[in-house]
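J.: for reference, the sequence and a predicted model appear below.
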Amino acid sequence: MNFDFSDDQKLLADQVQRFLDEQCGSSVVRGVLDGDARYAQPVWQGLADMGLTGTAIPESYGGTAAGYLELCLVAQQLGAHIAPVPFASTVYLLAEALLLFGSEQQRQQWLPGICDGSVKGALAAVEQLQQLHPQQIQCEIADGKLNGRKLIVSDGSIADVLLVLARQGDELVLTLVDAADVHRQPVDTVDLTRDAAEVTFRNAPAELLPAEGGAGWAALQQLYDRAAVLYAFEQLGGAQAALQMAVAYAQERFAFGRAIGSFQAIKHMLADMYVSMKLAESNCYYAAWALANGSDDLPLAAATARVGATQAYQHCARDNIQVHGGMGFTWEFDCHLHYRRSNYLALELGGLSEWEARLVDHLPLQRSA
């Protein structure tokens, strides 16, 4: 079984890297960090114009139908460049939910806009600042009207349509809500290059995603398994970029007449970062294969990749600061951009402990002889 990417897929990754090198450098990221814009609109539109927002969307809805392996490589480059765009919320979550659970009318309504960049999405699930659980969901839909509140919705203040987990009677359901019909309050998080908002629904018109048959919690977990692979690739890309930044600085920074990379303590630190990154990479590659091939192992592969990539990115981002020494803690150096993004992504779709629990739950039982 070959877990490497094809030459065409690597060519796509190179094209995305060149685009982001030119259009999403540190100055663009810092422009969102320090400015009033909630995301980098030119970068978002550029990604859409390249067909990347429709990478895994069928051609009948305006996508390129390239596939999930290709989408994983796009995610990796977005993570490496700390791209301040609503790509994950829109493509990994909203588009996937529509493809998996939406009606044909809903797909025709929203997917073409996702492909051309005119539609941005967000998932609104969390209502309490703790591990998400079915009993916590109080946001309720009745007679097509949604009422309630969701906390820290990623890309919530810039989204055009919201995917909302809500209660309908005794069941949980996934619904679509036009963002123009809700109240949104922007929220600042640890990563100021990513938009977030508190969203309040007051008799907001809502549509059920009918194909999931009312089993909203099970549908959300299926969506999480798929999105976790793509988030893991973003984290992998970030870990690789943080490691490269640390290595470059260790080679060019001199102390006592020697490059600091020649000191044993720095060597060990960089080696540990490399090991974490490579372990995450192998787990991500297998998860990409499981996602692209619809493998029954996807829940286990996704949890393994998510845990490994979360740990690797946080490790590399943290130790990148240490390699830079006192300069690494300053606003002028870019180390904190990766540190912020690593901690932000670690909480998306649930925290590390939640994914560790999912990993344990999906491990095959070993029978003693």
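T.: Great, that's in hand.

J.: any weak-confidence spans in this structure?
T.: Screening the chain residue by residue with the criterion pLDDT under 70, one finds the ranges 1-3, 211-214, 365-369.

J.: from Tyr92, how far out is the residue nearest the centre of it?
T.: Compute the mean C-alpha point of the chain, and by Cα atoms, centre = their mean the closest residue is Tyr231, 3.7 Å away. Relative to Tyr92, Tyr231 is positioned 7 Å away (criterion: Cβ to Cβ, to the nearest Å). Every residue, glycine included, has its C-beta placed from N, CA and C.

J.: does Asn320 touch Ala241 like I think?
T.: No. Counting by Cβ atoms under 8 Å, Ala241 is not a contact partner of Asn320; they are 9.0 Å apart.

J.: so what sits against both of those two?
T.: His338 (Cβ atoms under 8 Å, 6 or more residues apart in numbering).

J.: of the two, which one has the most company?
T.: Set side by side, Asn320 and Ala241 give different neighbour counts by other Cβ atoms under 10 Å, the larger being at Asn320 (29 against 24).

J.: and the more buried one, helix, strand or coil?
T.: Of the three states, Asn320 takes helix under DSSP: H, G, I helix; E, B strand; the rest coil.

J.: if we can go back for a sec, and for Tyr231 and Tyr92, which residues touch both?
T.: Shared contacts of Tyr231 and Tyr92, defined by Cβ under 8 Å, 6+ apart, are found at Ala75.

J.: what is the burial count for Leu151?
T.: 16.

J.: assign it to helix, strand or coil.
T.: When classified by three-state DSSP, Leu151 comes out as strand.

J.: and it, how close does it get to Leu132?
T.: Between Leu151 and Leu132 the computed distance is 11 Å (Cβ to Cβ).

J.: wasn't Ala122 part of a strand?
T.: Yes. Secondary structure assignment (three-state DSSP) places Ala122 inside a strand.

J.: overlap in contacts, Leu151 and Leu132.
T.: Val126.

J.: separation between Ala179 and Asp36?
T.: Between Ala179 and Asp36 the computed distance is 19 Å (Cβ to Cβ).

J.: between those two, which is the more surrounded one?
T.: Taking Ala179 and Asp36 together and counting by other Cβ under 10 Å, Ala179 has the greater number of neighbours (21 against 6).

J.: which parts of the stretch 101-250 of the chain are strands?
T.: Under the criterion DSSP state E, counting those that start in this stretch, the stretch 101-250 of the chain carries strands at the ranges 121-124, 140-142, 145-154, 161-168, 171-178, 183-186, 196-208.
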